[in-house]
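Asker: for reference, the sequence and a predicted model appear below.
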Amino acid sequence: MKAQSISAALLAGVATCAAESFRAIPTLSPSVDNGENILPTIMNSSAIDPQTVCPGYKLMHMRQTKSGVDARLYLAGKACNIYGSDIDQLQLRVQYQTRDRLSVQIYPANIPDGQESWYKVDDDQIARPLDRMPVGPTGSDWEFSYVENPFSFTIKRKSTGDIVFSTKDTKLVFENQFVEWKTSLPSNSNIYGLGDIISANFELKNTNRTIYAADIGDAPEANLYGAHPFYLDHRYVKVNGATKGYAHGVYSRNFHGQDILVREGGITWRTIGGSIDLFFFSGPTPAKVTQSYVSEIGKPAMQQYWTFGFHQCRWGYANISELDNVVKSYQRFEIPMETIWSDIDYMDQYRDFTVDENTYPQVEFKAWLDDLHKEHLHYIPIVDAAIYITNPSNSSESYPTYDRGHELDVFMKNPDGSEYIGAVWPGYTVFPDWSAPNVQKWWDEEYISWHKEVPFDGIWLDMNEVSSFCVGSCGSGKINMNPVHPPFKLPGEKGSVIYSYPEGFNLTNSTEAAAAAAASKAQDDANNAQNPPSTVTTPYYQIPAVTPNVRNINHPPYAINHAQGNHDLAVHAVSPNATHHDGTSDYDVHSLWGALEIRASFETLLKVFPGKRPFLLARSTGPGSGKYAAHWGGDNGSTFYYMRKSIQQALNFGLFGIPFFGVDTCGFGGNSDLELCSRWMQLSAFFTFYRNHNILSANSQEAYVWADVATAAKTAMSIRYSLLPYFYTLMYHAHKTGSTVLRALSWEFPDDENLINTDSQFMVGPGLMVVPALDQGVTNVTGYFPTDGNTVWYDWYTGAATFSDGKNHTVDAPLGHIPVFIRGGYVLPLQKPALTTYQARKNPFEVIVALDKSGKATGNVYIDDGESHNVKDALFVAFRATKNSVWFNGVSIGNLDKLKSYLTNVASVYVLGVETKPSAVKLSGSQNCDFEYDTQHKKLTIKLPSSFVYSKGQKEITW
Ligand SMILES: *[C@@H]1O[C@H](CO)[C@@H](O)[C@H](O)[C@H]1NC(C)=O
Ligand SMILES: *[C@@H]1O[C@H](CO)[C@@H](O)[C@H](O)[C@H]1NC(C)=O
Ligand SMILES: *[C@@H]1O[C@H](CO)[C@@H](O)[C@H](O)[C@H]1NC(C)=O
Ligand SMILES: *[C@@H]1O[C@H](CO)[C@@H](O)[C@H](O)[C@H]1NC(C)=O
């Protein structure tokens, strides 16, 4: 959950007790989170363009290596020292790593040990694609060429003759705090990715992409929580009169604060440190690009089966009986709910690894969780990144988690070696340092012992950008005041009451909307009257003063377009000068804190749950985080805007290798309403991760709060729970091959140029398309129905063939109905739904065979115990259908008897697109099966004998 920054300053330092606060403790002044008011360099029209003054480099001493070429680059003239000190000698290394992957690396050369003023990403922390079996230039689809002076390079894909990347006619600028390279793009290039950012369009044209992990809510166009410097470029060309789409991917393995300026005609890359470490993935299909990229950074974690069930969360479940009431209400209304979550409410004064004895007494809580588990339900609590620091002058206070961490020396430091002390929910806090030698041991032990008291089933990692509500080590010398209240009002506290509603609420509920608008205005007026205008310093552009070979990490000469607060890197986050045990400054590794916490936490959960797949949900992520964790879209708002953007977010995180993704359904910030929540509960049912979550003090928004939402949710959930074997199988493929689960239409129909910007509808795997209503007040929706020539789209609800012409069509979407289409050519594995995944797995399977125009379809289903980390027993059944038959072909590993309880019978097969009523349906060529034929919808329903189960070997059904 986010901290809304409040612009008005109260008093300096720690203010008096805030009587209106929920907690009678001193409140920090809002001014503690005001940094310097720096304006980004890109906004400064008088900022010097490095291209006009810097000399570039000259290439020399090129030599062949086993995998490509090495060369030296020498500064080609007088140093420009524009946003840092120019480095005179660089190493160029080109590796043809595989047929489809090329690596181009440029980094400082000849720098004596210990004097490196640059940081190289640790290959152990963030996997670097390696040249394990280099193919060399002849075995590669890539061609690297260069100009010697000034040095530039060009990358061509040989199979398509396409120039995919070229720095020709530009200069390389390589300084200790600033690296710039510029590439040109042809007009048919379409760029996707470069996150974590929510933007106006899915395809990026004329956008500034800043990367620097930030706890900033879901502000549009802003650098959000994670760092994913990867893009997919999808270009359309005419080949013999037909349009063909070719894609490639570019991964820039640099995690410093950076601006990536995407323009018509080219991209300017500007990063405030590190090296150039580029990887090119040749595709040429979008699916192949993602798969190649994700396979290198780390293929997604396989998730436990139960995690596909519905999750309910909110900030503000005040005690055990409120949690219990939510669980019971879902059960009473017979709405599936699998997992109940806790935000920070359960903790003792927001301290990690504690419970509040008044509201969540440990003994009762454990008993309640044990009962929850008996019903095959699950519980996931939040764990925040920051650790409360014990107040040494309060002898009655005890917070052993800090004491043990301090003893083991696991926290980040100030440059002088003292502990870095920021401020987060509990008050003044310290922050784990993932490079400290004892940190894993400490983290493991905290979880292992806490799990004995609070038997959780997974962990939610929040605030890991890493967020801090003040600038610098603001608690140094002040911990005797702990605990302190954050420097802003919590939602619902006086002056911070939530009055906002979704768009159009004034049309559906005008009385309430008018009352809320009036109350909101009164609150604003009172706040403005009470708080003197803020004393934020006048904004200024940095004058880049460079001290030779000395870095200014607090205020780097080049100011990135960081969207937080007033652009100072130290605002609302641990500051760049916080120091890690391995000697690095946070400046160099800031955006990787979350990724490293995720990795450590995965290792921990393997110890808490030996042999089981860890479940982690995390806010700040980096390349490879999908190997360990799921991600949610952060602190969105209860608006139609954010519901629409959730699709773009899901598709981007698919590209980034984190396919287990969802957003706060019905919206986090602000009050939701019936219409939005109804639409959103239906939309999110088709995301991999499906969770409703709400901010403290906003109106309740559980699915049962409105009768119509309950009905809508049940309708969509019955589809989702039917599709669990399909979702699970897609996740299995993602885990094995790096493929995506939610997909852009353009990835599935790569030759159709109409789909360049389509993120208002999406595919689940290759076989299902969702065309949701995303606007307030609508009762129908226009969707595009792509075709590859053989495509038939079947309506999920009737099984009838619909549009298959590659055109837009308007379909009915009254409130409570979400249009879903099955793609001919695919076989979808289903299972009868239930209220929990545990019960659903006891139900019979079903199969939908959706024939394409040529009368064919394929698909598969993967079955295992749903929880083992190292799977020993599993069954994989491939389906292959023709006009009048479907084959099941099962292969297995291990002992299938161990999966017996999951191998329930396959009760029915639905074949869509059967033109005429068959005279008979036979099993294995002989045994007759019952069947029904629906003439109107051309749908054949085959009833299989109860002995029919998925198994090894072949089975055939013919009609
Ligand atoms: C993007 O950067 C350009 C400078 O290159 C600037 O003029 C423009 O205002 C920026 N756009 C946004 C939306 O910040
Ligand atoms: C560290 O950064 C903070 C925030 O910019 C600043 O206030 C502080 O003076 C810095 N400390 C050092 C030693 O540079
Ligand atoms: C309803 O509110 C929207 C803003 O969300 C505003 O544009 C519109 O004019 C309002 N309509 C009415 C009828 O008040
Ligand atoms: C109007 O909004 C209020 C507050 O959200 C809610 O309690 C009430 O049920 C709504 N009325 C209608 C008719 O939707």
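Answerer: That came in fine, so what should we check first? Ligands and ions are numbered 1, 2, ... in the order given.

Asker: got the residues of this structure near ligand 1?
Answerer: I42, M43, N208, E221, L261 (C-beta under 6 Å from any ligand atom). No exception for glycine: its C-beta is placed from N, CA and C like everyone else's.

Asker: show me what contacts the residue of the chain found nearest ligand 2?
Answerer: Closest to ligand 2 within the chain is G472: 3.2 Å, counting by C-beta to the nearest ligand atom. Contact analysis of G472 by C-beta atoms under 8 Å, 6 or more residues apart in numbering lists A570, S575, N577.

Asker: now Q839. Nearest residue, chain neighbours left out?
Answerer: Excluding the flanking residues, the one nearest Q839 by C-beta to C-beta, 6 or more residues apart in numbering is H376, at 7.6 Å.

Asker: and that neighbour, how many neighbours does it have?
Answerer: Neighbours of H376 under the rule other C-beta atoms under 10 Å: 15.

Asker: just G925 next, same as before
Answerer: 9.

Asker: contact partners for it?
Answerer: Contacts of G925 (C-beta under 8 Å, 6+ apart): E956, T958.

Asker: so what's S718 up against?
Answerer: P833.

Asker: and it, how far from N699?
Answerer: Between S718 and N699 the computed distance is 26 Å (C-beta to C-beta, to the nearest Å).

Asker: same question for K853.
Answerer: Where N699 is concerned, K853 sits at a distance of 49 Å (C-beta to C-beta).

Asker: swap in G417?
Answerer: Taking C-beta to C-beta, one finds G417 at 49 Å from N699.

Asker: please say which of those two ends up with more neighbours.
Answerer: The residue with more neighbours, out of G417 and N699, is N699; 14 against 7, by other C-beta under 10 Å.

Asker: show me the contacts for the closest residue in space to the more buried one that isn't next to it in sequence.
Answerer: By the measure of C-beta to C-beta, 6+ apart, the closest residue to N699 outside its immediate chain neighbours is N671, 4.4 Å from it. Contact partners of N671, counting by C-beta under 8 Å, 6+ apart, are I498, Y499, S500, Y501, P502, A516, S638, A698, N699, Q701.

Asker: just send those residues back as TSV, with secondary structure and pLDDT too.
Answerer: Output for these, formatted as TSV (DSSP: H, G, I helix; E, B strand; the rest coil; pLDDT from 0 to 100):
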residue	secondary structure	pLDDT
I498	coil	98
Y499	coil	98
S500	coil	98
Y501	coil	98
P502	coil	98
A516	helix	98
S638	coil	98
A698	coil	98
N699	coil	98
Q701	coil	98
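
Asker: which one of the residues you listed has the most neighbours?
Answerer: Going by other C-beta under 10 Å, S638 tops those with 30 neighbours.

Asker: residue contacts, that residue?
Answerer: Applying C-beta under 8 Å, 6+ apart, we find S638 in contact with 500-502, 666-673, 676, 698, 701.

Asker: among those, which one lies nearest to L830?
Answerer: Of all those, L830 sits closest to C666, with 26.7 Å by C-beta to C-beta.

Asker: need the pLDDT of the closest one.
Answerer: pLDDT, C666: 98.

Asker: ends of stretch 540-555, what's the gap?
Answerer: This stretch, stretch 540-555, spans 12 Å end to end (C-alpha to C-alpha, to the nearest Å).

Asker: what sits up against that stretch?
Answerer: By C-beta under 8 Å, 6+ apart, stretch 540-555 touches 36-39, 41, 43-44, 46-47, 81-85, 117, 176-177, 556-559, 568-570, 575-577, 585, 587.

Asker: repeat that for 7 Å
Answerer: 36-39, 41, 44, 81-85, 117, 176-177, 557-559, 570, 576-577, 585, 587 (C-beta atoms under 7 Å, 6 or more residues apart in numbering).
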